[in-house]
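Peer 1: Sharing a model prediction with you, sequence too.
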Amino acid sequence: MSLLTGKNILVTGVLTESSIAFHIARLAQEEGATVILSSFGRAMSITQRISNRLPTPAPVIALDVTSEEDLAQLADRLREHVPHIDGLVHSIGFAPEAALGGNFLNTEWNDVATAVHVSAYSLKSLTMAVRPLFDQEKGASVVGLTFDARVAWPKYDWMGVAKAALESCSRYLARDLGKENVRVNLIAAGPIKTMAAKSIPGFEDFEQVWNLRAPLSWDTADPVPAAKGAVALLSDWFPKTTGEMVHVDGGVHAIGG
């Protein structure tokens, strides 16, 4: 039996084949899961096209995590494809240009609020929207993606703050949903050349850090290690792990500067 046989999993954030989310969806299918993707707006057609590159093309449902209407309709949209949800992948993050690139001291609240809403609060709102479809006995696994926000990174600025909020949010969700057997964990991935990374000024600085400090060799063009970590957390092999941040970063988090 494969790791995810019989499980239904919602994966957000699939935009390109280089994304960690795409490879989570791919590996989840290969491990026996039924996968549903979400997207919204102009990105819908892109996600639908990328879905066709999965082992089995997955349905794509409309979801803007900042839309109360979309969140309210999410459970019904999912029920059109599956009777329940066993796993949820939060791969959503965005910060306006003014919130990145070394402008930390001058960023206006509206830009900060957007970064926190989309990148952090959405973990809570998305989980709560899917919650009615979690199995009451078996529970579910919620897995988010982060970029270790325990330190201040060059030019990451308010996205770093938003990721710190995401990490804290995951712990509070783990606390409050544990009684329902819902596990909430994060994968702290090293830098990957994704579409999101292209929007970060000075991304090459991260590459230099990893080239110098990673005990295990790190390939910024390879999202598979992080995806494998997420799939493991979605499986039943971590039944009593929650509120955790698993580093899939070649070991950089453990090495001093």
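Peer 2: Thanks, I have the structure now. Numbers count the residues shown, from 1 in each chain.

Peer 1: Can you tell me the centre-most residue of this structure?
Peer 2: Ser91 (2.5 Å; C-alpha atoms, centre = their mean).

Peer 1: How about residues contacting stretch 238-248?
Peer 2: Here stretch 238-248 makes contact (C-beta atoms under 8 Å, 6 or more residues apart in numbering) with 141, 146, 148, 167, 170-171, 174-175, 178, 182-190, 225-226, 228-229, 232-233, 253-254. No exception for glycine: its C-beta is placed from N, CA and C like everyone else's.

Peer 1: which among the residues you listed end up buried?
Peer 2: For these, a neighbour count by 16 or more other C-beta atoms under 10 Å gives the buried set as 141, 146, 148, 167, 170-171, 174, 182-190, 225-226, 228-229, 232-233, 253.

Peer 1: Give the residue spans of the stretch 101-250 of the chain that score low on pLDDT.
Peer 2: 194-203 (pLDDT under 70).

Peer 1: got the residue ranges for the strands in it?
Peer 2: 140-146, 182-189, 245-248 (DSSP state E, counting those that start in this stretch).

Peer 1: now these in TSV, with distance to Met44?
Peer 2: What follows is these, written out as TSV (distance: least, C-beta to C-beta, whole Å):
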stretch	distance to Met44
strand 140-146	21
strand 182-189	25
strand 245-248	29
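
Peer 1: closest one to Val116 among those?
Peer 2: Closest to Val116 of those is strand 140-146 (C-beta to C-beta; 13.7 Å).

Peer 1: So which elements touch the closest one?
Peer 2: If you count contacts as 3 or more C-beta pairs under 8 Å, 6 or more residues apart in numbering; DSSP states H and E, strand 140-146 packs onto strand 87-90, helix 122-130, helix 157-177, strand 182-189, helix 224-234.

Peer 1: Mind listing what's buried along the longest one?
Peer 2: Within helix 157-177, the residues that qualify as buried are 157-167, 169-171, 173-174, 177, counting by 16+ other C-beta under 10 Å.

Peer 1: Out of the helices and strands packed on strand 140-146, the one nearest Pro215 is which?
Peer 2: helix 224-234 (13.8 Å).

Peer 1: Need the contact partners of that closest one.
Peer 2: Under C-beta under 8 Å, 6+ apart, the answer for helix 224-234 is 3-4, 7, 9, 20, 23-24, 26-28, 31, 33, 86-87, 89, 141, 143, 145, 183, 185, 187, 189-190, 192, 238, 241, 246, 248.

Peer 1: Give me the neighbour count for the residue lying closest to Ala221 once chain neighbours are set aside.
Peer 2: Excluding its sequence neighbours, the residue lying closest to Ala221 (C-beta to C-beta, 6 or more residues apart in numbering) is Lys193, at 5.5 Å. Using other C-beta atoms under 10 Å, Lys193 has 15 other residues around it.
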